[in-house]
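> Sequence and predicted structure below; questions after.
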Number of protein chains: 2
Amino acid sequence: MFDKQEFVSKLVVKNESKVVLLVMDGVGDIPLNGKTPLQAAKKPNLDALAKESDLGQTIPVLPGITPGSGPGHLSLFGYDPIKHQIGRGILEALGSGVEVGERDVVARANFATWNGEVVLDRRAGRPSTEESAEVVRLLSEKIKKIEDVEINFYPGKEHRFVVKFTGEGLGDNVTDADPQKEGKPMVWAEGLDEPSKKTAKIVNELIRKIAEVLKDQPKMNFALMRGFSKYPKLPNFCEVYKMRAGAIATYPMYRGIAKLVGMEVLDTGQTVEEEIQTLKQRWNDYDFFYIHVKKTDSYGEDGKFEEKVKVIEEVDKVIPEIISLKPDVLIVTGDHSTPVPLKAHSWHPVPLLIWSKYARKGASNAFDEFECAKGTLGTVHASDVMTLALAYAGRLEKFGA
Amino acid sequence: MFDKQEFVSKLVVKNESKVVLLVMDGVGDIPLNGKTPLQAAKKPNLDALAKESDLGQTIPVLPGITPGSGPGHLSLFGYDPIKHQIGRGILEALGSGVEVGERDVVARANFATWNGEVVLDRRAGRPSTEESAEVVRLLSEKIKKIEDVEINFYPGKEHRFVVKFTGEGLGDNVTDADPQKEGKPMVWAEGLDEPSKKTAKIVNELIRKIAEVLKDQPKMNFALMRGFSKYPKLPNFCEVYKMRAGAIATYPMYRGIAKLVGMEVLDTGQTVEEEIQTLKQRWNDYDFFYIHVKKTDSYGEDGKFEEKVKVIEEVDKVIPEIISLKPDVLIVTGDHSTPVPLKAHSWHPVPLLIWSKYARKGASNAFDEFECAKGTLGTVHASDVMTLALAYAGRLEKFGA
């Protein structure tokens, strides 16, 4: 099958240019009372940038497909998000800030209630995050190893936690240890190949041990595990695009995805302003910077229009600081849309702005969903954004004579 | 793998319609002092045409990918430019007006300087085109055949020339006879399969003979050869699209590419006006005409804005003459963009205009990059242009019941 990333990689050359990819998570929206947050925001700097830029919009996966954060970001980084699927266990682990290595298998786990045979409640009555963390601490004390496999537990939200299995020869082709429905007998993990049979055996033994340790708990007396996954093997971003890439992100999930593709994850603070300070401090160390702004998505998911507008305005304020560093290419986009009226990720195309001296500039006076839909770049796949970034940076050779 | 051309071909039907594809090479641009050449040009006829046409823009290969003339044209002719890659030797030969047949292997060659072991200068001190042609004439006199393989030499620009090997059973899976760097020992050709081993043997013997013939030359005393290629096997344009196709082009490269896909290449003059005279004279002989205008690209590559504008104005003047022939479909586009500020081919989308009585007309008053970006055709792949041409010409059946 044709692999676009492989094709593009062969044309990549190095030069001295600097590229900044600024991702406002979930920035795309649909109008509420006639305006989207991008239209409602006072953003003189982004609008001035739009005058000097090529605009367009991206499709993260396929028209109509709503991406999770994993596919949304992989696609923006140039990876085919359908070919490269990241296990949920890994994403949950990355989101919890768990370090995952090559000898690890991770799983999403739930506390559950069972009566020794039937699973009565798959969420153990939805304990608070604090109650649940307390029980995770207990498990961490009592269970450290099964056979030669090291076990680590990490607390999550409410009934959720993450389990990491570390050892030699563990496979991740393992079915979920979860009956999926309540009132059903437990369904145990099953390995679908030899290395995965080893994992499944450890998983089932671990669940029995957990049941033993927690036998006196009123509700959290059992655990279900699913989404077993190893660290995925992805082409290395820095090798594919021949750039030193630094990632500036405040949330563990995005730091994790950047690390997964091979970027260096930089220490930074919790605000957009702190992220830009990091950009300035590390400007000379990298050719490519990925900067992630989380809160546009968070407020989209919470249905908070005004707050989403404010995050966009906050990003607008730092644009001159980025420009003052004299990047050769500045891309402003999102990984997907998160419309306020939907309170969720969506399938709507995502606004895209590419600022460069080679832009077909002058078509637009504003950066928003509607101007982008009419833009000179047209509608492209999100995995084309990296190709465009390289092109505008002069880092791609001509294809064919 | 899904082959779009094969799919489309199955739907093609014949009728009496006439289609003209007018290609202004490298016409797409980016603004200089606020305007692109298309915007700056006085082009009343093209703008009037735009009012009666569907506009759009094309991506020749992939977003961000800058195509050479080969891929740019193949794509416009409906061929997948990634699947059908044409060897550099063939393109160089076509560009030099060399006829290539099925028994031929062609190579790009350089005069070089060597000391009997090490290549001192890969370009032999960059001789003038005249000096170099003189030496090519000498080689043509002295070397006509090696074993059963006929050898022909063709002069090129400066140190460059083309070698054609004609014989039975010659392969083109041959590595370059070129050390790539100066001060290195010669690297000889190597055949990677049986027929190519035969070619490699002849190539290496030829280079030794050249060294012997040129041993008294001060600088041009050696030759390097690379890009060995046979005539590529491409689906025949006239068969795929069930049209008699005539090509009107002034430059050898484009006449060559048209011939490569199976069009008939018509005798014509050197100016746009002469090309249109040819169109008129041969109007009844073909269903499809490809007309190539070179100078928009040449002036783009030279960074000459005003001159590029004048070529567009020159094309504008002949539009009424084309329309007076009553074509059913007139397409005006480019094979890629060649922005004046870049002085090179680029990745920017290419303006596309389709004039036909079936156009969704009325959206625009001008033919330029910005109007095309907002056009009713959207952003399409250049290899879709032929499908659209057939559709507007009523030459495609419905797909499915």
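Ah, there it is. Numbering: from 1, shown residues only, chains lettered A, B, ... in the order given.

> Need the distance between the two termini of stretch A:151-164.
End-to-end span of stretch A:151-164 (CA to CA, to the nearest Å): 6 Å.

> Can you tell me what sits against that stretch?
Stretch A:151-164 has contacts (CB atoms under 8 Å, 6 or more residues apart in numbering or on different chains) with A:89, A:92-93, A:96-98, A:100, A:104-112, A:123-124, A:126-129, A:132-133, A:136-137, A:139-140, A:143-145, A:165-166, A:206, A:220, A:225. Using the backbone N, CA and C atoms, a C-beta is placed for each residue, glycine as well.

> what is the residue in chain A positioned nearest to chain B paired to in the beta sheet?
Per CB to the nearest CB, the residue of chain A with the smallest distance to chain B is A:G378, at 2.8 Å. For A:G378, the beta-bridge partners under DSSP bridges are A:G56.

> Per-residue pLDDT of it, please?
At A:G378, the model reports a pLDDT of 97.

> Within the helices and strands, which one has A:L94?
Using DSSP states H and E, A:L94 maps to helix A:88-95.

> Over to A:E205?
Using DSSP H and E, A:E205 falls in helix A:194-213.

> and A:D193, how many neighbours does it have?
A:D193 has 12 neighbouring residues, counting by other CB atoms under 10 Å in any protein chain shown.

> Equivalent analysis for the one 4 residues further on, please.
By other CB under 10 Å, 16 other residues sit near A:K197.

> For the residue nearest to it when sequence neighbours are not counted, list each beta-bridge partner.
Excluding its sequence neighbours, the residue lying closest to A:K197 (CB to CB, 6 or more residues apart in numbering or on different chains) is A:G191, at 3.4 Å. Beta-bridge partners recorded for A:G191 (DSSP bridges): A:V174.

> ok, A:G191 to A:G70 distance?
Distance of A:G191 to A:G70, computed by CB to CB, to the nearest Å: 24 Å.

> now swap in A:E131 and tell me
Using CB to CB, one gets 29 Å for the distance from A:E131 to A:G70.

> When these two are compared, which one has more neighbours?
Shown here are A:E131 and A:G70; by other CB under 10 Å, A:G70 has more neighbours (24 against 18).

> Work out for me the element the more buried one sits within.
Applying DSSP H and E, one finds A:G70 within helix A:69-76.

> so what secondary structure elements neighbour that helix?
Counting contacts by 3 or more CB pairs under 8 Å, 6 or more residues apart in numbering or on different chains; DSSP states H and E, helix A:69-76 is packed against strand A:19-24, helix A:252-261.

> what comes into contact with that helix?
A:21, A:23, A:25, A:58, A:60-61, A:67, A:80-82, A:84-86, A:91, A:234, A:253-254, A:257, A:261, A:333, A:335-336, A:345, A:381-383, A:385-386.

> Could I have the buried ones of those residues as ChimeraX selection syntax?
Applying 16 or more other CB atoms under 10 Å in any protein chain shown to these leaves a buried subset, and the ChimeraX line that selects it is:
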select /A:21,23,25,58,60,61,67,80,81,84,86,91,234,253,254,257,261,333,335,336,345,381,382,383,385,386
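
> I'd like to know which of the contacts of helix A:69-76 are part of strands.
In this view, the contacts of helix A:69-76 that belong to strands under DSSP state E are A:21, A:23, A:58, A:333, A:381.

> what's near enough to touch the third one?
Counting by CB under 8 Å, 6+ apart, A:T58 touches A:75-76, A:333, A:349-350, A:352, A:379-382, A:384-385.

> any chance of the residues you listed in TSV, plus distance to B:D368?
Putting these into TSV (distance: CB to CB, whole Å) gives the following:
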residue	distance to B:D368
A:S75	31
A:L76	31
A:T333	26
A:P349	24
A:V350	27
A:L352	22
A:T379	20
A:V380	21
A:H381	26
A:A382	28
A:D384	24
A:V385	25
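
> Around chain B, which positions in chain A sit nearby?
In this structure, chain A approaches chain B at residues A:1-2, A:4, A:7-8, A:11, A:357-363, A:374-381, A:384, A:386-391, A:396-401, judged by CB under 8 Å from any CB of the partner chain.

> among the helices and strands of chain A, which one scores worst on average pLDDT?
helix A:88-95 (a mean of 83; mean pLDDT, DSSP states H and E).

> Just want the angle from it to helix A:69-76.
Angle of helix A:88-95 versus helix A:69-76, following axes from the mean of the first three to the mean of the last three CA atoms, to 10 degrees, is 80 degrees.

> Convert the helix or strand just after helix A:88-95 to CSV, retaining C-alpha atoms only.
Remark: after helix A:88-95, the chain's next helix or strand is strand A:104-114, criterion DSSP H and E. Output of strand A:104-114 as CSV, limited to C-alpha atoms (Å, rounded to 0.1, in the frame of the first residue of the first chain):
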residue,chain,number,x,y,z
ASP,A,104,5.8,-2.9,29.0
VAL,A,105,2.2,-3.9,28.4
VAL,A,106,-0.4,-1.4,29.7
ALA,A,107,-4.1,-1.8,30.3
ARG,A,108,-7.0,0.4,31.3
ALA,A,109,-8.6,-1.0,34.4
ASN,A,110,-11.8,-0.4,36.3
PHE,A,111,-12.7,-1.1,39.9
ALA,A,112,-15.8,-3.4,39.9
THR,A,113,-18.1,-5.2,42.3
TRP,A,114,-18.5,-8.9,42.0
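
> send the alpha carbons of the following helix or strand past strand A:104-114 over as CSV?
Under the assignment DSSP H and E, the closest C-terminal helix or strand after strand A:104-114 is strand A:118-121. Extracted C-alpha coordinates of strand A:118-121, given in CSV (Å, rounded to 0.1, in the frame of the first residue of the first chain):
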residue,chain,number,x,y,z
VAL,A,118,-21.0,-12.5,38.5
VAL,A,119,-19.9,-8.9,37.9
LEU,A,120,-22.6,-6.9,39.7
ASP,A,121,-21.3,-3.3,38.9
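
> Toward the C-terminus, what is the element adjacent to strand A:118-121?
As assigned by DSSP H and E, the chain's next helix or strand after strand A:118-121 is helix A:129-142.

> for that following helix, which positions count as buried?
Under the neighbour-count criterion of 16+ other CB under 10 Å, helix A:129-142 has A:131-133, A:135-136, A:138-139 buried.

> Of those residues, which is the nearest to B:L214?
For those, the closest approach to B:L214 (CB to CB) belongs to A:V136, at 80.7 Å.
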